[in-house]
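[1] build me a model:
(chains A and B)
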Amino acid sequence: MNSNPAIGHNTPPKMTARDVNVFYGQKQAIKNVSIDVSREHVTAFIGPSGCGKSTFLRCLNRMNDTVDGARVEGRIELDGQDVYASGMDVVQLRARVGMVFQKPNPFPKSIYENVAYGPRLHGLARSKADMDEIVESALKRAGLWDEAKDRLNESGTAMSGGQQQRLCIARAIAVDPEVILMDEPCSALDPIATARIEELIDELRGRYAIVIVTHNMQQAARVSQKTAFFHLGTLVEYDDTSSIFTNPKATRTKDYITGRYG
Amino acid sequence: MATIAAPAAPIAERQPTDWATPAMRSRIAARYRAERNFRRLGAAALVIAASFLAFLLFTIVRDGWTGFQRTETRIDVQFDAATLGVDPAAVAGPQGQALLARADYQALLLKAAEQLGPADDTLSDAAWMELREALMEDPALLGKRASLWVPVRSSIDLLAKGKYDLAAPAESRGVTDREVSDWRWLDGKGRLRTGFNTTFLFGADSTEPELAGIGGAALGSLLTLIVTIAIAFPLGVFSAVWLEEFAPKGRLADIIELSINNLAAVPSIIFGLLGLAFFLNFAGMPRSAPLVGGITLALMIMPVIVIASRVAIKSVPPSIRDAALGIGASPIQVVFHHVLPLALPGIMTGTIIGIARALGETAPLLLIGMRAFVTDVPQGFTSPATVLPMQVFLWSDDVQRGFVEKTSAAIMVLMLVLIAMNSLAIYLRNRFERRW
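    Okay, the predicted model is just below:
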């Protein structure tokens, strides 16, 4: 286990959520969830399908704003700053809290353009050389540079699924976010590509606060140091990954971990 | 189980199916027969449809290809300053061209026509224009003799093209004995030639078939379509963007969607009535102008563009929007950086099909006065003009025999333009279509 509780427990959390409720029209999807997201660790959200873990993840960078009829109550803070405050710039928030989606979704443009899009949007590069450097370092960090350096002008959609997902991670990294949210990033990938992504998540840990939603409990155990178990829209248990998997406190967690349902 | 069913009746043992009985065989045969008949029926329908189309194309091309030709006769003209009524000294001066433009070429032509002997009445009414053109191009010809080719009357033109059945009795063949003998005389002297008719391609309408051209109507169509595109494309695309990307879903959006679909099915003449009532009577815009025609047609094809654009925008996968939003693009940036570029091929296809429809439209333009007889090539968006399909309509209505081939030739031009536009639409769709 990579976890080092000493660091995690001494520094203030990167993101905090207090009494968050989410409604889709009349239906309540999230009930009173409070959680702290550590800045040094990978936090995994696990739980059966429809438990609200993806919904909650999308609240952290306000991606639910685009969903019709979605309403978020409660307080979510990034470094103590209210994410849902009226003065919050959503564009800037999403630059600081990046996202990687379930299905690899590179833009149908060149690999270079995929990575350069974010920095260009936020004016992060002053010159072409600057941009080249940003693209190179993002691709290197995403572990894609060796495969992509000779084909930067080829379409991002021409790559394999695993490469596409790493390109999406590079695209998120390129705007230098503080938090990266990953919504089941490996569910569309084969085991080898999944292993690459998991390795990558481990390499990125510490540099970015990472929150990953996953269906796969082994994956949560492998990549995360903190695990939150969601069930029916509530946060049942949140603890160090090692405690959740070896010594769950709630019976529902225990039943889920041991495969009684899910 | 709470209740136990009464013991069921014993299930009758089935005989094994015998596939070889006569009834079974005839059933299978009937099935194959039905299959064959249906295929034959389909093929027959296709053959009938294709032969209608082939017949249409054949008759149009047969009647129309000679419309691109014109018969001319050679005459020797003595450019005599006295007959022209100009002063040779003044022609050399600064006002020379203006003087030459106003000179009396009719008198000159009348004199020159004498050399045609019995066939002196065969020249077109506008043959003098050729004389003027020649002299203005080369003022040095003044006082000299030159050999020129000038157009002949439509009846001689048609005789030269073999359009009359000369074996038919004089009263039913549509051409007089005098005209036939004139033509024979000219032809016998080798003074006739039939060549490509530039006047037809570049000129405007005329009362004389040999002088009528499609150019004015073509330019009218072009000007009208420019107005149509300039209005319908941005309005249609931005309506579609708003409806798809920003409009709150609900009752109002449903009503708007229903209205647009209905609007696309409204008969075009209704749009003409609207144009007449609003643009001409209320707004006081000029009659017969490409501006008004273009606006009216824009209203007509806008629903088509909105519907096509919405489909194209809808087909851009939501994951692309998520990706852009997730990296911090604003909704407008998502639309302009990702959604519109990806939807553009579909939007273009819909727009081109809409424009092709506008190009072939006559009914609404009838009502706003674009069936005018316009002998000049239109000078701008507000000058009187007509359009290609309207020109076809006007010529098909004309009693003169010479307009029959002009009508078919105009149809050929119109169809070529339409085919070109539809091909472009198909090309764009295939070239830029993306799959995810």
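[2] pLDDT wise, what is residue 85 at?
    No chain specified, so I'll use chain A. Here, the pLDDT recorded for A:Ala85 equals 88.
[3] my question was about chain B
    As predicted, B:Gly85 sits at a pLDDT of 84.
[4] grab the nearest non-local neighbour of it.
    Nearest non-adjacent residue to B:Gly85, counting by CB to CB, 6 or more residues apart in numbering or on different chains: B:Asp104, 4.7 Å away. Using the backbone N, CA and C atoms, a C-beta is placed for each residue, glycine as well.
[5] counting neighbours, what do you get for the one you found?
    Applying other CB atoms under 10 Å in any protein chain shown, we find 13 residues neighbouring B:Asp104.
[6] swap in the one 5 residues further on?
    By the other CB under 10 Å criterion, the neighbourhood of B:Leu109 contains 24 residues.
[7] is B:Ile295 in a helix, a strand, or coil?
    Secondary structure, DSSP: H, G, I helix; E, B strand; the rest coil: B:Ile295 is helix.
[8] who touches it in this structure?
    B:Val227, B:Thr228, B:Ile231, B:Gly275, B:Phe279 (CB atoms under 8 Å, 6 or more residues apart in numbering or on different chains).
[9] one more: B:Gly93?
    Contacts for B:Gly93 were tallied using CB under 8 Å, 6+ apart; there are none.
[10] the one 3 residues further on too?
    By CB under 8 Å, 6+ apart, the contact list for B:Gly96 reads B:Ala90, B:Pro139.
[11] what do you get for A:Gly25?
    A:Gly25 touches A:Gly69, counting by CB under 8 Å, 6+ apart.
[12] for B:Gly369, give me the pLDDT.
    pLDDT, B:Gly369: 85.
[13] so which two of the contacts of B:Ile295 are the farthest from each other?
    Within the contacts of B:Ile295, B:Thr228 and B:Phe279 form the most distant pair, 13.6 Å apart (CB to CB).
[14] so the two - more neighbours on which side?
    In terms of neighbours (other CB under 10 Å), B:Thr228 is the more surrounded of B:Thr228 and B:Phe279; the figures are 26 against 21.
[15] now do the SS call for the residue nearest to B:Val77 when sequence neighbours are not counted.
    Using CB to CB, 6+ apart and skipping the chain neighbours, the partner closest in space to B:Val77 is B:Ala112 (4.6 Å). Three-state call for B:Ala112 (three-state DSSP): helix.
[16] for B:Ala112, what are its contacts?
    Counted by CB under 8 Å, 6+ apart, B:Ala112 has contacts B:Ile75, B:Asp76, B:Val77, B:Gln78, B:Leu131.
[17] then B:Leu291?
    B:Leu291 is in contact with B:Val227, B:Met285, B:Phe381, B:Thr382, counting by CB under 8 Å, 6+ apart.
[18] just the element for it, please.
    Following DSSP states H and E, one finds B:Leu291 within helix B:290-314.
[19] same question, A:Gly98
    According to DSSP H and E, A:Gly98 maps onto strand A:97-100.
[20] who are the packing partners of that strand?
    helix A:161-174, strand A:179-183, helix B:318-326 (3 or more CB pairs under 8 Å, 6 or more residues apart in numbering or on different chains; DSSP states H and E).
[21] now do the buried residues in the first one.
    Residues of helix A:161-174 classed as buried: A:162-174 (neighbour count, 16 or more other CB atoms under 10 Å in any protein chain shown).
[22] near chain B, from those residues?
    A:Cys168, A:Arg171, A:Ala172 (CB under 8 Å from any CB of the partner chain).
[23] tabulate the residues you listed in a markdown table, adding columns for pLDDT.
    What follows is those, written out as a markdown table (pLDDT from 0 to 100):
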| residue | pLDDT |
| --- | --- |
| A:Cys168 | 94 |
| A:Arg171 | 94 |
| A:Ala172 | 93 |
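[24] now those residues as CSV including distance to A:Val91?
    Converted to CSV, those look like this (distance: CB to CB, whole Å):
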residue, distance to A:Val91
A:Cys168, 19
A:Arg171, 16
A:Ala172, 15
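[25] which one of those is nearest to B:Gly402?
    B:Gly402 lies nearest to A:Arg171 out of these, by CB to CB, at 68.7 Å.
[26] wait, the closest one touches A:Arg120, no?
    No: if you go by CB atoms under 8 Å, A:Arg171 and A:Arg120 don't touch, sitting 11.6 Å apart.
[27] low-confidence regions, the stretch 201-350 of chain B specifically.
    The model of the stretch 201-350 of chain B has no residue with pLDDT under 70.
[28] who in it is up against chain A?
    Selection of the stretch 201-350 of chain B residues close to chain A by CB under 8 Å from any CB yields B:248-249, B:317, B:319-330, B:333, B:337-338, B:342.
[29] what subset of these is buried?
    B:319-330, B:333, B:337-338, B:342.
[30] quick check: the two most widely separated of the residues you listed?
    B:Gly328 and B:Leu342, at 19.4 Å, using CB to CB across these.
[31] ok, of the contacts of B:Leu291, which one's closest to B:Gly354?
    When the contacts of B:Leu291 are ranked by distance to B:Gly354 (CB to CB), B:Val227 comes first, at 13.9 Å.
[32] ok, A:Ile201 - contacts?
    Listed by CB under 8 Å, 6+ apart, the contact partners of A:Ile201 are A:Val42, A:Met182, A:Ile210, A:Ile212, A:Val223.
[33] among those, name the ones in helices.
    A:Val223 (DSSP state H).
[34] and which of the contacts of A:Ile201 is nearest chain B?
    Using CB to the nearest CB, A:Met182 is the member of the contacts of A:Ile201 that lies nearest chain B, at 11.0 Å.
[35] much appreciated, bye for now.
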